[in-house]
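Enquirer: Mind looking at a prediction? Sequence and model below.
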Amino acid sequence: MIENKIMPKLTNVTVNDTCFLCGSQAFYISFNSKKLRCVEKVSQCPGHAKKAQASRDANITTEERKAHMKRMSENGNTTLKKLHEDPIWRAKKSANLSNAIKKRGGNVGSNNPMYGKTHKKSSIEKQKLKAKNRDPITYVKGVATKITNGICTPKELKDKWELYLEQVNNFTSRSWKEYQHIINPSNLPRGKKYELDHKFSKFEGFNRNIPPEIIGHYKNLELISRTENRSKRTKCSITLEELYESIRSKN
């Protein structure tokens, strides 16, 4: 069955519903061909990408494709530069992005497109190299723009608690990305029902001058229900000694 004509989504999904291109679980159905597919936009299907790549390999050489993509990139960048000078286009683009994020329920937990996924090591190394070679002035300009637009506060205007919280959150984010499978072994949906909790609280960490990397360590993180997390507030579910012992332990 089709849920509505706006989004061709299956209302009753079964294990027998598989994508006609990649063979994975299907969630959508085409209006015209009635073929099942794993994503709303068929161009985002891994099977479609492989099929397109096979077609390119059969019809164009690697050198010809590189030359073509270079021309497309130059033309596309020129067009984008002109569009970014149009405030109406920028506002519309921003609204479309915001609406898309709201539609899927935000970026938290399973609503995040990268939830449960990992980047290839080659991609990570490529991004690290790109960041290393990036002109430092771009970061300065980026922060200046955020400050001008009221998105962030200059560091010199932040108090000690805000600076500490910022560092803890950075370490927490890294821990979640790298050790999500350990922090959340049951694969609970992070978001409205379950929230990420610091066993030894950030508040106590600040009061007792505990290094941010300790409070943001993956051994200090767990997923608990939203109700439990809100009732816990600034309390600690483990002692500082237990936290350090857990970090020292290899298990």
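Expert: The structure has been received and is ready for your questions. Numbers count the residues shown, from 1 in each chain.
Enquirer: This protein: helices as residue ranges?
Expert: Using DSSP state H, the helices of the chain run over residues 46-59, 62-84, 87-103, 121-133, 137-148, 160-183, 202-207, 212-215, 226-232, 240-248.
Enquirer: quick check: domain ranges of this structure?
Expert: In terms of domains, the chain is parsed into 1-59, 158-248 (source: automatic domain parsing).
Enquirer: Check the ones you listed for me and report the most buried one.
Expert: Neighbour counts (mean count of other CB atoms under 10 Å) averaged over each of the domains of the chain peak at domain 158-248, with a mean of 16. Placement of C-beta: from N, CA and C, glycine included.
Enquirer: Mean pLDDT lowest where, among the helices of the chain?
Expert: Mean pLDDT values for the helices of the chain show the minimum at helix 62-84, a mean of 83.
Enquirer: what angle do that one and helix 87-103 make?
Expert: Per axes from the mean of the first three to the mean of the last three CA atoms, to 10 degrees, the angle that helix 62-84 makes with helix 87-103 is 110 degrees.
Enquirer: rewinding a little: would you convert the domains of the chain into TSV that also reports distance to K130?
Expert: Output for the domains of the chain, formatted as TSV (distance: least, CB to CB, whole Å):
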stretch	distance to K130
domain 1-59	23
domain 158-248	18
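Enquirer: To G106, which of the ones you listed lies closest?
Expert: For G106, the closest of these is domain 158-248, at 7.1 Å, according to CB to CB.
Enquirer: can the helices of the chain go into TSV with extra columns for distance to N12?
Expert: As requested, the helices of the chain are exported to TSV (distance: least, CB to CB, whole Å):
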stretch	distance to N12
helix 46-59	23
helix 62-84	41
helix 87-103	22
helix 121-133	36
helix 137-148	45
helix 160-183	31
helix 202-207	44
helix 212-215	45
helix 226-232	29
helix 240-248	45
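Enquirer: Between those, which one is closest to G23.
Expert: So among those, helix 46-59 is nearest, using CB to CB, at 7.2 Å.
Enquirer: So what touches that closest one?
Expert: Under the criterion CB atoms under 8 Å, 6 or more residues apart in numbering, residues C19, L21, C22, G23, S24, V42, R65 lie in contact with helix 46-59.
Enquirer: Leaving aside the residues adjacent along the chain, what's closest to the third one?
Expert: Going back to what we said before, that points to C22. G47 (3.2 Å; CB to CB, 6 or more residues apart in numbering).
Enquirer: Tell me how far that neighbour lies from F20.
Expert: 8 Å (CB to CB, to the nearest Å).
Enquirer: And R174, by the same measure?
Expert: 39 Å.
Enquirer: same thing with K50?
Expert: Taken as CB to CB, the span from K50 to F20 is 13 Å.
Enquirer: Mind listing the shared neighbours of these two?
Expert: Contacts common to K50 and F20, judged by CB under 8 Å, 6+ apart, are absent.
Enquirer: one step back: closest to S110 out of the domains of the chain?
Expert: domain 158-248 (4.8 Å).
Enquirer: So what would you say the end-to-end distance of that closest one is?
Expert: The straight-line separation of the ends of domain 158-248 (CA to CA, to the nearest Å) is 33 Å.
Enquirer: Repeat that for stretch 27-38.
Expert: Span of stretch 27-38 from end to end, CA to CA: 5 Å.
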